[in-house]
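> Predicted model and sequence below, questions to follow.
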Amino acid sequence: MDAAKRRKIDDQVQGSPVASLVLEATESEVLASHSSSNTFKYSGGLTYTDHYFRTVLDYNGEVAGEIDIFVREVVASAKHDQRLPCLLFLTGGPGFSCPRPNEFAPWIKCALSHFRVILLDQRGTGNSSPITVNSLSKKGSPREQAQYLSFFRADSIVRDAEMVRKTLVPSESYGGRWSVLGQSFGGFCSITYISIAPDSLIEVFITGGIPPDISLPCSAEAVYRALYRRVMLQNQRYYMRFPSDIAHVQKIVQYLLAQPCGAVRLPSGSLLTPRCLQLLGLNGLGMSGGFERLHFMLESFFDGEGEISPAFMKAFEAQMAWDSNPLYVLLHESIYCQGAASNWAAHRVRSEPEFSTVFDAKSSFYTGKAVYFTGEMVFPWMFEDMAYLRQYKEAADLVASKSDWGPLYNQAVLQKNYIPVTAAVYYEDMYVDMELSKPTADLIHGLRQWVTNEYRHSGIRDDGVRIFERLLNVARDNIWQD
């Protein structure tokens, strides 16, 4: 960004009504301990430093407790001694940690030409006081577990990021500001960041993550109604690609229904029911290469004796790893709530006439129709079929019925936004509906969108260099480059 534009933004920050609106949200300072490990060099010309923070569980100070926050700072080794601006990456989820050095996507190496990249393990993930089925069991009663979980949403994640920024970003570097890139749920968090602390930001990039209509107290019902339709379309495309799978999946459902209690008991103790089989659409229908992965996985279902194969059981449990990442299931619908309960919205919408028969695996089998897989939806019966989730059914119900969620977005601040914000919007995104996100996009002053059907939700992983450079150029008013 050139100096004239930065001075203009500085002037806006100094005296704008937006800054005073945000002051109320950030007026209380939280002291946090910080330590860092030695700096390590990694193959490929990268240097990284691990940072460890200790901060409060509840930034409002109403509930006692502390948690750990882990951050990995990555820089190109050749630029290690240079004072570069920082780019915070907020990954998708909720409930997933940032990539590790052996998983660095090409876009990260591209970003290192311009930035120090800050990879934050969002609270409850990775090395940031991770929530697992074992750790959550130590938080007391179901009501206490539900209360604990309520502190792991976007508003708390952003306040963690602010704590990190104040420690790692020197005031001499762009006035202590940094840039943010948010993928999927990380994009939701980025909009929360603009709402809470815009004067901490240089620019914001979003990939597949403009939140659905934030004027609603809970958009979950509208979200799943739109996404079920997108999932239906993806199922149709899947079976057009692999028409023989219609009969094959029906054969699998027939096999499951013929088992005692209509399910196969997996090594973990979970029950592989037809409705659980449908969950494979989460990764199989909406990501690049997902159709092929799903097809080959289903291909391995039967062994040579016509029984379920150990290979399939292992692959299925690897995809349904909610024992290590239960936050995704426990908090998924709450990411759409700010003043109303979700009340298991995906489950309720699935029972509506438009969807009830389409997504009923038993009905599809008995009528000879294609068995449709579901998408990112979570359901209350997952806490019955999945062995490691059963102990948290009551806590999950309490989270689903919670109606006093705090606000995640400040519409007044977003309408007066002065931060450059650019977003890649995927026209056929199965996880973030473009049309439902439009009211939010229209609300954010100055937001510039690149709407494309070239990519699915995994665009940043599939062609991240092109996407990142394009968003960066747009934000800085340079020529769009391919």
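Yes, it's here.

> what's the neighbour count on Glu73?
The tally of other residues near Glu73 (other C-beta atoms under 10 Å) stands at 18. For every residue, glycine as well, the C-beta is placed using N, CA and C.

> Which strand or helix spans the closest residue to it other than its chain neighbours?
Excluding the flanking residues, the one nearest Glu73 by C-beta to C-beta, 6 or more residues apart in numbering is Thr49, at 4.7 Å. Per DSSP states H and E: Thr49 is located in strand 46-56.

> From Leu272, how far off is the residue nearest to Glu73?
Distance, Thr49 to Leu272, by C-beta to C-beta, to the nearest Å: 43 Å.

> who's more crowded, these two?
Ranked by neighbour count (other C-beta under 10 Å), Thr49 and Leu272 place Leu272 first, with 23 against 17.

> So in terms of bridging, what pairs with that one?
Going by DSSP bridges, Leu272 is paired in beta bridges with Val264.

> State the distance from it to Leu266.
In terms of C-beta to C-beta, Leu272 sits 6 Å off from Leu266.

> now Val63
Taking C-beta to C-beta, one finds Val63 at 37 Å from Leu266.

> Let me see the contact set for the closest residue to Asp433 other than its chain neighbours.
Leaving aside its sequence neighbours, Asp433 sits nearest to Ala226 (C-beta to C-beta, 6+ apart; 4.1 Å). Counting by C-beta atoms under 8 Å, 6 or more residues apart in numbering, Ala226 touches Pro212, Asp433, Glu435, Leu436.

> related to what we said a few turns ago, who touches both of Leu272 and Leu266?
Met313, Phe316.

> Show me where the protein has its strands.
33-42, 46-56, 66-76, 86-90, 116-121, 178-183, 201-207, 264-265, 271-272, 421-426, 448-452 (DSSP state E).

> can you put the ones you listed in TSV and add distance to Arg159?
Formatted as TSV, the strands of the chain follow (distance: least, C-beta to C-beta, whole Å):
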stretch	distance to Arg159
strand 33-42	15
strand 46-56	8
strand 66-76	10
strand 86-90	13
strand 116-121	12
strand 178-183	14
strand 201-207	14
strand 264-265	43
strand 271-272	39
strand 421-426	20
strand 448-452	27
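
> Any idea which of these has the lowest pLDDT on average?
Lowest mean pLDDT of the strands of the chain: strand 33-42, a mean of 84.

> on that earlier part again, for the strand holding Thr49, what is the distance to the chain centroid?
Relative to its chain's centre, strand 46-56 lies at 21 Å (C-alpha atoms, centre = their mean, to the nearest Å).

> Tell me which strands it pairs with, and in which orientation.
strand 33-42 (antiparallel), strand 66-76 (antiparallel).

> what's next to that strand, contact-wise?
Strand 46-56 is touched from outside by 30, 32-42, 65-77, 80, 101, 104, 109, 112, 127, 160, 163-164, 167-168, with contacts defined as C-beta under 8 Å, 6+ apart.

> Need the per-residue pLDDT for the residue of the chain most remote from its centre.
For the chain, the residue at maximal distance from the C-alpha centroid (C-alpha atoms, centre = their mean) is Glu305, at 40.3 Å. The per-residue pLDDT reported for Glu305 equals 94.

> likewise Ala105?
Taking Ala105 on its own, its pLDDT is 85.

> which stretches of the stretch 251-400 of the chain form helices?
Remark: helices assigned in the stretch 251-400 of the chain by DSSP state H, counting those that start in this stretch are 274-277, 281-284, 290-299, 310-319, 326-331, 345-350, 353-356, 361-367, 382-385, 393-401.

> Could you export those as a markdown table, including mean neighbour count and mean pLDDT?
Formatted as a markdown table, those follow (neighbours: other C-beta atoms under 10 Å; pLDDT from 0 to 100):
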| stretch | mean neighbour count | mean pLDDT |
| --- | --- | --- |
| helix 274-277 | 22 | 98 |
| helix 281-284 | 22 | 95 |
| helix 290-299 | 17 | 97 |
| helix 310-319 | 16 | 96 |
| helix 326-331 | 23 | 96 |
| helix 345-350 | 20 | 98 |
| helix 353-356 | 13 | 97 |
| helix 361-367 | 16 | 95 |
| helix 382-385 | 19 | 96 |
| helix 393-401 | 19 | 98 |
